[in-house]
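> curious how this folds, go ahead:
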Amino acid sequence: MREAFFFFLIVIGGTAGELCVTRAVRSVGEIGGFRPALILRFVKRALGNRWMFIGVGLMTIAFFSLLAVLSFENVSFVVPVSALSYAAGTGGAVVFLHERVTRQRWLGVLMVCAGVTIVWLSRM
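Numbers count the residues shown, from 1 in each chain. This is a model prediction of the structure:
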């Protein structure tokens, strides 16, 4: 049961964090170059967006949940199961960022989910 709780935090927290950071960065706009002044201006604007802080907070929760689950599970189990974040990220991109996802990408997501299922069932 505790594995499921931590995996939930890893997948949902990490994915929600990535979506929030993406929203923040997209609202700031493109950098436009790699000159230090442009990068610094971009970072300052991004840090002024509340979505950035929400996203970093959620990603922090996911990171520490990953550390927690690694303290009692094998890496060969944790890493494949945490790949569910790819499916959550794709779904979140469609719902919250209004991205279009092709059939080919959905097929890839389905394949990842099938792989995660195989890994999860290998424990039984």
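
> please count neighbours and contacts with C-alpha atoms only from this point.
Fine.

> how many other residues sit next to S122?
9 (other C-alpha atoms under 10 Å).

> against T60, how distant is it?
Here the criterion is C-alpha to C-alpha, to the nearest Å. By it, S122 lies 29 Å from T60.

> try C113
Applying C-alpha to C-alpha to C113 and T60 gives a distance of 24 Å.

> same drill for those two, tell me which one is more crowded.
C113 (19 against 16).

> figure out the helix or strand that the more buried one lives in.
helix 103-121 (DSSP states H and E).

> name the helices or strands packed onto the strand or helix carrying G14?
Element membership of G14 [criterion: DSSP H and E] is helix 14-28. On a contact count with 3 or more C-alpha pairs under 8 Å, 6 or more residues apart in numbering; DSSP states H and E, helix 14-28 meets helix 36-47, helix 50-70, helix 84-96.

> my guess is V109 contacts A87. True?
Yes: V109 is within contact range of A87, at 5.5 Å (criterion: C-alpha atoms under 8 Å).

> just give the number of residues close to H98.
Neighbour tally, H98, other C-alpha under 10 Å: 10.

> again but with V69, I slipped
So V69, with other C-alpha under 10 Å, has 19 neighbours.

> could you do G13 as well?
G13, neighbours per other C-alpha under 10 Å, totals 24.

> now do it against S122, distance only.
With C-alpha to C-alpha as the criterion, G13 and S122 are 25 Å apart.

> swap in S65?
22 Å.

> how about S76?
Taken as C-alpha to C-alpha, the span from S76 to S122 is 11 Å.

> pLDDT-wise, which helix or strand of the protein ranks last?
Across the helices and strands of the chain, mean pLDDT, DSSP states H and E gives its lowest value to helix 36-47, namely a mean of 91.

> which of the helices and strands packed on helix 14-28 sits closest to R2?
Smallest distance to R2 across these (C-alpha to C-alpha): 8.5 Å, for helix 50-70.
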